[in-house]
Structures are given as structure tokens and as C-alpha cells.
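# sequence-free structure coming up:
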Ligand SMILES: [Zn+2]
């Protein structure tokens, strides 16, 4: 059997990536915006692309960030990023363009890619130095992007070198205890794995963190700071015995498309559409959820609740549940949450909500309540536009 040996730079090269971005922006100006950042330390261009339906208001859209090529010798990430760009400008991606703003950084280590090495030539691991005083240009580009487009979902595209035709991976940061996140993540991972396996690779998946192992990659940083739904994928690759680049692209694109679908629909346990990490604190039966009329407002609320989470000193049952009454208690001791919160409860059976009281006072504004049903229960969310430090006792009365 002949062994194919490749010498750097390996396709897609930095020049090929830039050429692809420019060509797409020229062909589809109605969807695309080129992002230009400071050059790499060796003078290579560092660019990205935003793809969205420009005629649809930005404020209603989910933000999905796709990062490729942080490790220079993992060309699968670069080709998959280019593949998803091609998909996003196609007719098939119309709904995604209307509902999401997808930001793609396809080649986040151009100097490493030029030499086919893992880190940058100076040994810096791109995007793991963001806490440094002077992060590298690639990390500065990433930091600028998450400031411009605080992400609702993030996918970081990697490859497992010298692993040939073996398994691919969908992995994710460990999720916070007593949240709905591990359940939601399992749903998303299952869909991504199913799509990747249908496209031709077997997969394994697991959390990225365990006792004694510490990492600080973009997916962990975005979960910690924005409560973004974050995953990292690994494609089996090798410079000799690999699936072809076209096969690795197809598998990676299938996985990302499965993730993007979650940003276009409403999770059955959420009061709005979009990526489903929406029980910010607590579980679906009793949770603090985002407030706001559009994606931008809810993102702000989610981030504020999340970053103030340690000041929520109680979130639990407010007394015994009765046949027609659900009670909840929330204590908050932090600074006021000006972007608001929702308090979500789930009551057994298909019910009609009769009234809500907070600390004995009726909630009268119908706009301050959202209700919906699934096969077995009734969900209610009551909104507080500006949460001040206090203890709140809720009663939900049903008929
Ligand atoms: Zn990697």
C-alpha cells in the first residue's frame, strides 16, 4: 500500500482560506461580511466572515461562533469551516441565515498552519492565552469577535493527528451542577454524533473536564462568561492514512448543521426559540430564565443572571405543593439585574392558570406572563423586569 506523504503547507493553506473568503463575499454580498483583524506575527492575514440575512433585524438573531484551525497541523478544522461557509450561502440555509448570525473564523493559526505545527511557532497555544496581558493577534481577534457577537453557541473545530480512519469526537465543557445543561447538551451531542456517523465516521463523546485536568479553551470560556452552548469536535486525520479531505469536510459539515438546527427551533421546555440553554439557573420544573422581547435582550438577561449566579441564595419550593397551587421561593442578594429575569415553573397536567401572586400581591400585567403546555404539563413563566435584592415568594394558582 502506498503511503501519501504531504509537506507543508497543507491544504487548505492560509492563502486558499483567504481566497475562499474573498470569493464568497464577492458572490454573496447580501449575506456576507468580511472581518479583518491585525495580521499574525509573521505577517499573514487573519480574517473571518459573518453570514446572515442582512434584511432581517440583527436583534432577533442567535449568534453562533465557529472557530477553525487553532491548531496549525489540524487541517480538518479549516476545511470544515470552509465547508460550512459554502453551506450557509446556499438556498438550503435560508432559515438559518434569517434566524442566526453565524461568525466563522476558519484559520485561527496561520503561522502554525504554514509550518504544519500544532501551536504557533513561538509556542503559544492560540486562544489559551487570553488572560495574558498581551495575548497573541489570533486570540485578540477571537476576543474582539465575542465582544461584537456574544455567542449563544460555539463550536471549536479540531483534529486528532496520526489517528487515520479511527473515531471522531464531539466533546463539551463540564456543565454546572443543578442546571438543565447536561440534559440539553446530551440532546445536542446525540444529534451531532448521529449526523457525523451518517456521514461516515464513528464517534465518541464525553465532557472535557474531569478531576485533575484543567483547560481554559474558548468553549470553556464562553460557557463560563456567556452560558453559550459550547462543543468541540475532533476529526481523525493523518498525513498518510486518512479519510480524504472531502470525506472529513462532509462529516464535519454534517455535525455543524445538526448544531445549527438547534438555533432555529424552540425547545419544548423553553418559552422562546433559539439555542436551548435557557434554564439559566435551576431545572425545567423551577428555573430562572431570560427576560426580553428579542434574542439580544434575552442574551443580555441570560448573561447578567449567569454572572450574578452566586448571589441567588435560594431557588426552591416555597412550601408544599397543593393540587392546584405551585409555590416557589427565590432569594437574591446581588446588585439589581436591570435586564430582568423570568421565573419558570412546570405544573403536572394540562392546566389553566388562574392567578399568580408575588409576596402576596397579584401579578396583573398579562404581558408579564408566558404559558404553554406539553403532553404532560403546563409551563408558566412570570417576568420581573428589574430584579432587586430581596426574597420573593411566588404562588401559581391553577384550575
Ligand atoms: Zn486541536
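Arrived safely, thanks for sending. What you see is a predicted model; the values in this text were computed from it and never measured.
# care to break this structure down by domain?
Segmentation of the chain into domains, based on automatic domain parsing, reads 14-262, 281-398.
# Now the residue most central in space within the chain. Its backbone dihedrals?
When the chain is reduced to its mean C-alpha position, the closest residue under CA atoms, centre = their mean turns out to be residue 153, at 1.4 Å. Summarising the backbone geometry of residue 153 under the convention degrees, to the nearest 10, its torsions are phi -140, psi 150.
# i'd like the first residue to be 144 from this point on
Done: numbering now begins at 144, and the last item shifts to residue 296.
# Quick one: the helices in this protein, in order.
Taking DSSP state H as the criterion, the chain carries its helices at 157-170, 218-231, 237-242, 253-258, 280-291, 324-341, 361-369, 388-405, 438-450.
# what's the closest of these to the ion?
In terms of CB to the ion, the element of these nearest to the ion is helix 218-231, at 7.3 Å. For every residue, glycine as well, the C-beta is placed using N, CA and C.
# Over that closest one, what's the mean pLDDT, rounded is fine.
Summarised as a single mean, pLDDT over helix 218-231 is 98.
# Which elements pack onto it?
Packed against helix 218-231, as judged by 3 or more CB pairs under 8 Å, 6 or more residues apart in numbering; DSSP states H and E, are the following elements: helix 157-170, strand 190-194, strand 205-211, strand 243-248, strand 296-303, strand 372-379, helix 388-405.
# could you check the angle strand 243-248 makes with the first one?
When you say that, I think you mean helix 157-170. Using axes from the mean of the first three to the mean of the last three CA atoms, to 10 degrees, the inter-axis angle of helix 157-170 relative to strand 243-248 is 150 degrees.
# show me what contacts residue 273?
With CB atoms under 8 Å, 6 or more residues apart in numbering as the criterion, the residues that contact residue 273 are 282, 285-286, 364.
# Likewise for residue 415?
Contact analysis of residue 415 by CB under 8 Å, 6+ apart lists 409, 421, 433, 441.
# Farthest pair within those?
Of all pairs drawn from the contacts of residue 415, the greatest distance, 13.5 Å, lies between 409 and 433 (CB to CB).
# Comparing those two, which residue is more hemmed in?
Between residue 409 and residue 433, counting by other CB atoms under 10 Å, residue 433 is the more crowded of the two (30 against 13).
# Tell me the bridge partners for the more buried one.
residue 484 (DSSP bridges).
# wait, it sits on residue 484?
Yes. Distance between residue 433 and residue 484: 7.5 Å, which falls inside the contact criterion (CB atoms under 8 Å).
# any residues in contact with both of these two?
Counting by CB under 8 Å, 6+ apart, the contacts common to residue 433 and residue 484 are 444, 448.
# Please list the residues of the protein that sit near the ion.
Applying the criterion CB under 5 Å from the ion, the portion of the chain that neighbours the ion consists of 214, 217, 301.
# out of these, who has the most neighbours?
Highest neighbour count within these: residue 217, with 24 neighbours (other CB under 10 Å).
# Once you drop chain neighbours, what's closest to that residue?
In this structure, residue 217 finds its nearest non-sequential neighbour in residue 302, 3.6 Å apart by CB to CB, 6 or more residues apart in numbering.
# Just give me the neighbour total for that neighbour.
Around residue 302 there are 26 residues (other CB under 10 Å).
# Okay then, goodbye and thanks.
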